[in-house]
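Colleague: fold the following, please.
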Amino acid sequence: MAAEGTGGRSLMLLVLLALHLATNFASAKRTCFMSVRLATKTGYTDRDFDDYVIRGFLIGCKKAGSTCPGKVISHFQGKLGGNVSPIRGDAAKNLCEKFGREVTPADHGEVFARWTASNCDKSGSTYLGRLCCWKYTISSYVIVIPNEGCTQTTKPGVIG
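Modeller: Predicted structure coming up:
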């Protein structure tokens, strides 16, 4: 009888282990590590960005390789609070703040969303649009505001 009890417990442990592994396997996730790049005629600047997480059943590298680039625009628009293709409104304001620098129309600033799928050899970038920002330092305050569409060719003066 002792052998029967031990066998029953072993079977139960195997069933629980298999259930645990199946649950983890089925509820897989991959992360699209995101960054944003500002490229100008003098070089580029990268900033980390909120990652996008893919959840689902059997998420492999192939699925991540198609999902990550497919979600770039909506992910960036949602996180930046405005249009990113072309860059407008709150998205322009938030990107100017994120880079914290002046980007004139002569700098030819272009923004790219970059992604890398976790644990895969999959990565890429998506062009978001042009970005121009004016930077003002007033006393100890630094203010960076967008020049939407890079339309102003000269920096506006400070009112006050």
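
Colleague: what strand or helix carries the most centrally placed residue in the chain?
Modeller: With distances taken as C-alpha atoms, centre = their mean, residue 34 lies nearest the centre of the chain, 3.1 Å away. Here residue 34, judged by DSSP states H and E, is contained in strand 28-40.

Colleague: re the thing from before, quick check: the residue nearest to the centre of the chain vs residue 45, distance?
Modeller: 15 Å (C-beta to C-beta, to the nearest Å). C-beta here means a position set from N, CA and C on the backbone, and glycine is covered the same way.

Colleague: could you give the bridge partners of the residue nearest to the centre of the chain?
Modeller: On the basis of DSSP bridges, residue 34 takes part in beta bridges with residue 49, residue 115.

Colleague: one more: the one 4 residues further on?
Modeller: As for beta bridges, residue 38 partners with residue 45, residue 111 under DSSP bridges.

Colleague: then residue 103?
Modeller: Residues in beta-bridge contact with residue 103 (DSSP bridges): residue 133.

Colleague: so who does it touch?
Modeller: 38, 40, 96, 109, 131, 132, 133 (C-beta atoms under 8 Å, 6 or more residues apart in numbering).

Colleague: isn't residue 79 right up against residue 49?
Modeller: Yes. Counting by C-beta atoms under 8 Å, residue 49 is a contact partner of residue 79 at 7.1 Å.

Colleague: higher neighbour count, these two?
Modeller: residue 49 (19 against 15; other C-beta atoms under 10 Å).

Colleague: you'd agree the more buried one is up against residue 38?
Modeller: No. Applying C-beta under 8 Å, one finds residue 49 not in contact with residue 38, separated by 11.9 Å.

Colleague: quick one: the helices in this structure?
Modeller: With DSSP state H as the criterion, the chain has helices at 2-26, 61-80, 89-99.

Colleague: state the distance from residue 106 to residue 132.
Modeller: 9 Å.

Colleague: separation between the residue nearest to the centre of the chain and residue 71?
Modeller: Taking C-beta to C-beta, one finds residue 34 at 10 Å from residue 71.

Colleague: quick one: common contacting residues for these two?
Modeller: Contacts common to residue 34 and residue 71, judged by C-beta under 8 Å, 6+ apart, are residue 52.
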